[in-house]
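# Predicted model, plus sequence, below.
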Amino acid sequence: MKKLGLIFKESSENLIKNRFSSSVAIFIVRYSGVSGLELNNLRLSLKAAKASFFVAKNSVARRALEGVGMSSLLEAIEGPSGLVFAKEDGLSVSKVLCDFSKTHEQLKIEAGSLKDKILKKEDIERLAKLPSMEVLRAQVVVALNSPLQQLAMVLNGVLRKFVYCLEQVKNKKLN
């Protein structure tokens, strides 16, 4: 019969593996010095961004990351570390983490992974500075719409000149 501690470690490892496989991004943060109330506020902010914050023993987290092929993230797990799993949008989660770390200096963003690409702290901060997905979509729509609008104006101008020319011909024939 297995010991209770071993069962808990195995279930935590499996939970990390399952969350990793269903996530588009994962971030590793160091939360030493952050109070429980502040961590709950972070969890609520992450929940709004469709992400979750998970704390596990470092040995369990390392074993789980090795199991999913993310050995390059192992060096980021030191001290009290937490894993943030983004289910849909890694961009909005990086914004939440960076904003929270600005107001709570004890929270340190260590590393991450976005669609199998390893991210350093600087990469995550650059991601957080990007505009949101809605803003990017709006910019694409405007960029695509602008040439079409200009084409419509040019065609409308040609049509307007043609109608003006017909009006002049009509006026000459009537006079």
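Looks like it arrived, so ask away.

# Do me a favour and average the pLDDT over the lengthiest helix in the chain.
The residue-count maximum for a helix in the chain (DSSP state H) belongs to helix 133-174. For helix 133-174, mean pLDDT rounds to 82.

# does residue 111 sit in a helix or strand, and which one?
Take DSSP states H and E as the rule and residue 111 turns out to sit in strand 108-114.

# how far out from the middle of the chain is that strand?
12 Å (CA atoms, centre = their mean, to the nearest Å).

# Tell me, how many residues neighbour residue 41?
Residues lying near residue 41 (other CB atoms under 10 Å) number 15. Any C-beta I mention is one placed from the backbone N, CA and C, and that applies to glycine too.

# Which pLDDT value belongs to it?
91.

# can you tell me which residues contact it?
residue 100 (CB atoms under 8 Å, 6 or more residues apart in numbering).

# care to break the protein down by domain?
4-130, 131-175 (automatic domain parsing).

# Just name the most buried of those.
domain 4-130 (a mean of 17; mean count of other CB atoms under 10 Å).

# Can you give me the end-to-end span of that one?
45 Å (CA to CA, to the nearest Å).

# what distance separates that domain from the middle of the whole chain?
13 Å.

# swap in stretch 151-165?
Taking mean C-alpha positions (CA atoms, centre = their mean), stretch 151-165 and its chain are 46 Å apart.

# Need the contact partners of that stretch.
So stretch 151-165 is in contact with no residue, going by CB under 8 Å, 6+ apart.

# Stretch 123-131 too?
With contact meaning CB under 8 Å, 6+ apart, stretch 123-131 is reached by 27, 90-91, 94-95, 97-99, 109, 111-112, 114, 119, 136, 139.

# Off-centre distance for that stretch?
The answer for stretch 123-131 is 9 Å, by CA atoms, centre = their mean.

# now do stretch 163-175
62 Å.

# Just the CA trace of that stretch, in CSV.
The C-alpha trace of stretch 163-175 is given here as CSV (Å, rounded to 0.1, in the frame of the first residue of the first chain):
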residue,chain,number,x,y,z
VAL,A,163,-22.5,61.9,-64.6
TYR,A,164,-21.3,65.5,-64.6
CYS,A,165,-20.1,65.1,-68.2
LEU,A,166,-23.5,63.7,-69.2
GLU,A,167,-25.2,66.6,-67.5
GLN,A,168,-23.1,69.1,-69.5
VAL,A,169,-23.9,67.3,-72.7
LYS,A,170,-27.6,67.4,-71.9
ASN,A,171,-27.4,71.1,-71.1
LYS,A,172,-25.7,71.9,-74.4
LYS,A,173,-28.2,69.9,-76.4
LEU,A,174,-31.1,71.7,-74.7
ASN,A,175,-29.7,75.1,-75.3
